[in-house]
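Undergrad: Show me how the following folds:
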Amino acid sequence: MSTQADTQGSVTTTYKVSGMSCGHCEGAVSGEISKIEGVGSVRATASSGEVTVTSAAPLDEEAVRAAVDEAGFELIGSA
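TA: From the prediction side, this is the model:
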């Protein structure tokens, strides 16, 4: 995962997720990650397998892993 902090105090982290192949997959992953407290936005891209999350503070990777798992996919680490 790569993490960047911006000047407004939010954190942007990019994760690599395996198994996404379409817009429905992107929506499922985005929807589950959006439920994590502090998440402001989620952008999942099936073609690259990347999920970019903007949050108020760094997220617990296990919480992200659980959300991705709940959506039916696998968090594989750094993007």
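
Undergrad: Just grab the bridge partners of the one residue sitting closest to the centre of the chain for me.
TA: Centroid check for the chain by CA atoms, centre = their mean gives residue 51 as the closest residue, at 4.3 Å. Beta-bridge partners recorded for residue 51 (DSSP bridges): residue 15, residue 44.

Undergrad: tell me what the longest helix along the chain is packed against?
TA: Assignment by DSSP state H gives helix 23-34 as the longest helix of the chain. Applying 3 or more CB pairs under 8 Å, 6 or more residues apart in numbering; DSSP states H and E, we find helix 23-34 packed against strand 39-45, strand 50-55, helix 61-70. No exception for glycine: its C-beta is placed from N, CA and C like everyone else's.

Undergrad: Surely the residue nearest to the centre of the chain and residue 44 touch.
TA: Yes - when contacts are counted by CB atoms under 8 Å, residue 51 is listed as touching residue 44 (4.6 Å).

Undergrad: Now for the two: what residues contact both?
TA: Listed as contacting both residue 51 and residue 44 by CB atoms under 8 Å, 6 or more residues apart in numbering are 17, 29, 30, 33.

Undergrad: Can you list the buried residues in the longest helix of the chain?
TA: Neighbour-count burial for helix 23-34 flags 25, 26, 28, 29, 30, 32, 33 (criterion: 16 or more other CB atoms under 10 Å).

Undergrad: nearest to residue 66, of these?
TA: Distances from residue 66 to those, taken as CB to CB, are shortest for residue 32 (8.5 Å).

Undergrad: Looking at the shared contacts of residue 51 and residue 44, point me to the pair that's furthest apart.
TA: 17 and 30 (10.5 Å).

Undergrad: any shared contact partners between the two?
TA: With CB under 8 Å, 6+ apart as the test, residue 17 and residue 30 both reach 44, 51.

Undergrad: if I look at the closest residue to residue 35 other than its chain neighbours, how far off is residue 33?
TA: Sequence neighbours aside, residue 67 is the residue nearest to residue 35 in space, at 6.6 Å (criterion: CB to CB, 6 or more residues apart in numbering). The spacing between residue 67 and residue 33, counted by CB to CB, to the nearest Å, is 5 Å.
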